[in-house]
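>>> sequence first, predicted model second:
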Amino acid sequence: MRKALSCVLMIALLLSGCQAGGTGESPEEAALALREEYQALAGWSAVVDVSVCYTEAVYDFTLDARWQREGETVLTVTAPELLSGITARIAKGETALEYDGAGLSLGLLDGDGLTPVSAVTALMEQIERGYMAKCAWAGENSEYLQISFQDPELEPNTGTQFLLSFDRDSRALLAAEVSAAGETVLTAKFSNFTTELSENDDTGNDA
């Protein structure tokens, strides 16, 4: 029975695209458990510091993000002051952004229509369904879990790739890096990350 369970686990890890290694809980096991936890969330909120990197310019802004599985995801710009109050609303099942106030147009990040604002919801799509190309512990004391997501049909440094960092204990999303064609186009740092569980359970984790 133990051999059968071991085979099932190894198959699951291979399908995820992660490479095995380490002692105790492996980063692959942690990544699969994290995916299940995020799939069970009803929502989360966080402060997100975003840096958008273009060839000739860098733009920084801060978002008050409230992601919801049901209903609207609301992203409100809180800094810089010039853009403060601009709000993007993303309805479930829709990719179009509706803005309150002036528009926030910083251009596209890749050839698939990814924008600096829609990148926040794109991260959740990767966590829940994306192909895990690599999983690893990071930090001096391996206190972070890093997962790299990419299209398995594309060559390295092509297409859009996501590198996400999570707190090892709380599973809270801490940071994200988005690259297109091998070049970093967006970085984000998350703080005050609070989750809301499904089935009307308001218990959450703070980071």
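Structure's in. What do you need?
>>> C-alpha from now on. contacts and neighbour counts both.
OK.
>>> show me where this structure has its helices.
Remark: helices assigned in the chain by DSSP state H are 2-16, 27-39, 119-129.
>>> so what touches the shortest one?
So that's helix 119-129. Contacts to helix 119-129, defined as C-alpha atoms under 8 Å, 6 or more residues apart in numbering, come from residues Arg35, Glu36, Tyr38, Gln39, Trp67, Phe149, Phe162.
>>> and those, which are buried?
Neighbour counting with 16 or more other C-alpha atoms under 10 Å marks Arg35, Tyr38, Gln39, Trp67, Phe149, Phe162 as buried within those.
>>> farthest pair in these?
Within those, Trp67 and Phe149 form the most distant pair, 20.1 Å apart (C-alpha to C-alpha).
>>> show the pLDDT at Leu63.
pLDDT, Leu63: 92.
>>> okay, which residue is most central for this protein?
Leu123 (3.1 Å; C-alpha atoms, centre = their mean).
>>> can you give me the pLDDT of it?
We have a pLDDT of 94 for Leu123.
>>> burial measure for the residue lying closest to Ser148 once chain neighbours are set aside, as a count.
Counting by C-alpha to C-alpha, 6 or more residues apart in numbering, Leu163 is the residue found nearest to Ser148 once chain neighbours are left out, at 4.4 Å. By the measure other C-alpha atoms under 10 Å, the count of residues near Leu163 is 21.
>>> how much space between Leu163 and Thr184?
10 Å (C-alpha to C-alpha, to the nearest Å).
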